[in-house]
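Asker: Next comes the sequence, and after it the predicted model I'd like to discuss.
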Amino acid sequence: MKGNLIIFLLLPTLISAQSLNEQIVTNLLGKQNSKMGNGSCRVLVSRVLEEEEATIYAKDTVGIPIPGDVFLTYGFYESTDMVYYLQLEGIGPHVAFIYKVLENDKYLIIDQNAQGKRKLSIVSIREIDLSIKENTVNYGYYFIRPVNGIVDKRTKDLIKNLTNLP
């Protein structure tokens, strides 16, 4: 009997998270092929969270993402020798949304500023591969589940600090 009670208590939270995340994905799809603000990745994430009356907290990281979760990374780099590193697939410090979970650590993300060129930046979907390859240095990545709330200075600072962008 106690096990059934736990399921009933967790079910509304899961349904609420999926509903909010579905709204986020729908919002993002409406922004495809357009430029948000100055074209930076964090502007897109902050604006969509704000429009959906959602926010993120560092404590809300999840191991297995669902579409609409926020993806944050410090970067993936390929080691060419003991000193120099090259970015893999344009994944430096970055923030985006998960669009679809594929398999084997592969995801479709919705982002902008994927190549670090804000003038050419538009909201688009692309595949990323987070599997660790030989000679790869992973500086960390996180999936964060959005929750209902207000995007305030704290949220914008969290996004900025976790992506370490100017």
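Answerer: The structure has been received and is ready for your questions. Everything quoted here is computed from the prediction, not taken from an experiment.
Asker: On the three-state scheme, Val45 is what?
Answerer: helix (DSSP: H, G, I helix; E, B strand; the rest coil).
Asker: quick one, what contacts it?
Answerer: Contact partners of Val45, counting by CB atoms under 8 Å, 6 or more residues apart in numbering, are Val70, Val95, Ala96, Phe97, Ile159. The C-beta positions use only the backbone N, C-alpha and C, and glycine is treated the same way.
Asker: what does the model give it for pLDDT?
Answerer: Per-residue pLDDT puts Val45 at 90.
Asker: And for the one 5 residues further on?
Answerer: Model confidence at Glu50, given as pLDDT, is 88.
Asker: Distance of it relative to Ile56?
Answerer: For Glu50, the distance to Ile56 (CB to CB, to the nearest Å) stands at 12 Å.
Asker: what do you get for Ile109?
Answerer: 15 Å.
Asker: neighbour count winner among those two?
Answerer: Taking neighbours as other CB atoms under 10 Å, Ile109 and Ile56 compare with Ile56 leading, 25 against 21.
Asker: just to revisit the earlier point, tell me which two of the contacts of Val45 sit farthest apart.
Answerer: Within the contacts of Val45, Phe97 and Ile159 form the most distant pair, 11.9 Å apart (CB to CB).
Asker: So for these two, which sits in the more crowded spot?
Answerer: Taking neighbours as other CB under 10 Å, Phe97 and Ile159 compare with Phe97 leading, 27 against 22.
Asker: what's the nearest residue to that one if we skip its chain neighbours?
Answerer: Distance criterion CB to CB, 6 or more residues apart in numbering; nearest residue to Phe97, sequence neighbours excluded, is Ile110 at 4.8 Å.
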